[in-house]
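In: Build me a structure from this.
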Amino acid sequence: MPMKPDWRSVALCALMLFLNNGLMLIGVSAFDPIVLAGLQVSVAGLKLGDSLTLLTLAVASPGAGWALDRLGPNRVFAAGALSMAVGMAVFAGGAAHALWLLYVAHVLFGVCLSLCGAFSAALVVTTVSGERPGSAMGALLAANSAGLAFGITLMQGMAGRLGWQGAVLAAAIGALALVPWLYRRLPYRLASVSDDVDASLGAALRSGRFWAIAVVAAASFFVEMGLLTNIVVLAVHDLGFPVMRIGALMTIMFACGIAAHLAAGALTDRMDRRIVHATGIVLMMAGLVALALQAQAGHAGWLALTMAVYGAGWGASYVVLQLLLTTSFPGGNRGRIVGCIGAIEAVGAGLAPVIVGSLRDRTGSYAEPLALLAALLVAVLLGAVLLRPASCKLR
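Out: Alright, predicted model coming up:
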């Protein structure tokens, strides 16, 4: 039987997502110039740390899923917050002095994401099962996007008062303060969101639904990370967009994403999720095609509007994607199943930056890579339409 709906758990998960995506994953990049100057390392050497974060996420996710099923969300999420606190402390103490400490910090960031970032959606769906799960998912992902939108600004603001190391340590203290709250307030186990028979990991891996969701998720994150990690070079270098306005451009995109998270979450509680998912993907495709046309023309006349449309599309599609992932496989093995799909997602996300960047180097323009991303979304759209609402009978 589902547990009693617990909106405090939703709030705690939302806060943890804001911290680990806003202050940890994105926020520390505000200090890249300082770390570069201190280490005297190449940009590629610096960004290898980001790749280590994603690689650690991919490798650790299945094991984290096993821990979620066996040890319970409260212990796993508390361990994730502790990993963030230690990682941020290592980053503050050694990132600008020793490259290996920078890499250790990024590995700990990946551990944090595998323990509590990837499973927040699964926990939220179970704690509000039967009471507007779409709305709860929308609120959770809105917190995630708020962190992405304002993380750098918040870290820079704290650095103005505390210095960059003080700002990173303040984020570490915030994560550490959450550890007892997560341990005491989160459920001791994941409840089922369905009365169907439990889905075993082996049965899930043999099912077409598992691989359909995994491919749709990996392709979606490939598109998202392919664009996000290249948007600054595209906008500033290729389109002549003012570098000082990049922050505002990203805020526009994520603000539209936040609004779309909330709207899509509410709509999925009232209508077929496939309609919401397909609408979001079509908006993403429209944004990518518009970006490709601007890249081909070499000017940014309507870049802000384009990013707003893309952001709204991603915001809507991401809500449904997470609902698909967390409701398709009921029972006591959900953590392991979600962890395996999360590992596949991370591989897609990790490959995208280098592939899109390499295509740009070969062709001299982002027009072709962006057109490729838009074409990939056609396959994602087909999968989204064909994936029916969950009705899992796996053993």
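In: going forward, measure contacts and count neighbours with C-alpha atoms only.
Out: Will do.
In: Domains in the chain, by residue range?
Out: Per automatic domain parsing, the structural domains of the chain span 7-185, 201-386.
In: in the stretch 101-250 of the chain, which spans are helices?
Out: Applying DSSP state H, counting those that start in this stretch to the stretch 101-250 of the chain gives helices spanning 120-127, 133-185, 201-206, 208-228, 231-232, 246-268.
In: Among those helices, which comes closest to Leu381?
Out: Nearest to Leu381 among those is helix 208-228; the distance by CA to CA comes to 8.5 Å.
In: and the helix or strand that Val347 is a member of, what does it pack onto?
Out: Taking DSSP states H and E as the definition, Val347 sits inside helix 334-363. Helices and strands touching helix 334-363, by 3 or more CA pairs under 8 Å, 6 or more residues apart in numbering; DSSP states H and E, are helix 43-71, helix 201-206, helix 208-228, helix 303-327, helix 367-386.
In: Just give me the neighbour total for Val378.
Out: 14 (other CA atoms under 10 Å).
In: got it, and the one 4 residues further on?
Out: Counted with other CA under 10 Å, the neighbours of Leu382 add up to 12.
In: any idea how far Ile337 is from Gly226?
Out: Using CA to CA, to the nearest Å, Ile337 is found at 25 Å from Gly226.
In: Which one of the two is surrounded by more residues?
Out: Ile337 (27 against 24).
In: Now do the contacts for the more buried one.
Out: With contact set as CA atoms under 8 Å, 6 or more residues apart in numbering, Ile337 has these partners: Pro62, Gly65, Leu201, Ala204, Phe329.
In: Repeat that for Pro369.
Out: Going by CA under 8 Å, 6+ apart, Pro369 touches Val356, Leu359, Arg360.
In: gap between the last one and Arg8?
Out: Spelled out, that is Arg360. 45 Å.
In: ditto for the first one
Out: Val356 sits 40 Å away from Arg8 when distances are taken as CA to CA.
In: Please identify which of those two sits among more neighbours.
Out: Val356 (23 against 13).
In: Any stretches of the stretch 251-395 of the chain with poor pLDDT?
Out: 330-332, 389-395 (pLDDT under 70).
In: tally of neighbours for the closest residue in space to Gly257 that isn't next to it in sequence?
Out: Nearest non-adjacent residue to Gly257, counting by CA to CA, 6 or more residues apart in numbering: Gly315, 4.2 Å away. By other CA under 10 Å, 32 other residues sit near Gly315.
In: where does Leu141 sit relative to Ala204, distance-wise?
Out: 26 Å.
In: which sections of the stretch 101-250 of the chain are below the confidence cut-off?
Out: 118, 125-133, 190-199, 243-244.
In: can you rerun that using 90?
Out: For the stretch 101-250 of the chain, the stretches flagged by pLDDT under 90 are 113-157, 159-160, 184-214, 221, 224-250.
In: Can you say which two of the contacts of Ile337 are spatially most distant?
Out: Across the contacts of Ile337, no pair lies farther apart than Pro62 and Phe329, at 15.1 Å, counting by CA to CA.
In: Tell me which of the two has more neighbours.
Out: Taking neighbours as other CA under 10 Å, Pro62 and Phe329 compare with Phe329 leading, 30 against 22.
In: does that one sit in a helix, a strand or a coil?
Out: Following DSSP: H, G, I helix; E, B strand; the rest coil, the label given to Phe329 is coil.
In: returning to what we had before: Serialize the helices and strands packed on helix 334-363 to JSON lines and add fields for distance to Gly157.
Out: Formatted as JSON lines, the helices and strands packed on helix 334-363 follow (distance: least, CA to CA, whole Å):
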{"stretch": "helix 43-71", "distance to Gly157": "23"}
{"stretch": "helix 201-206", "distance to Gly157": "45"}
{"stretch": "helix 208-228", "distance to Gly157": "23"}
{"stretch": "helix 303-327", "distance to Gly157": "25"}
{"stretch": "helix 367-386", "distance to Gly157": "34"}
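In: Return the most buried member of those.
Out: Mean neighbour count, computed with mean count of other CA atoms under 10 Å, is highest for helix 303-327 among the helices and strands packed on helix 334-363, reaching a mean of 25.
In: and that one with helix 334-363, angle?
Out: 150 degrees (axes from the mean of the first three to the mean of the last three CA atoms, to 10 degrees).
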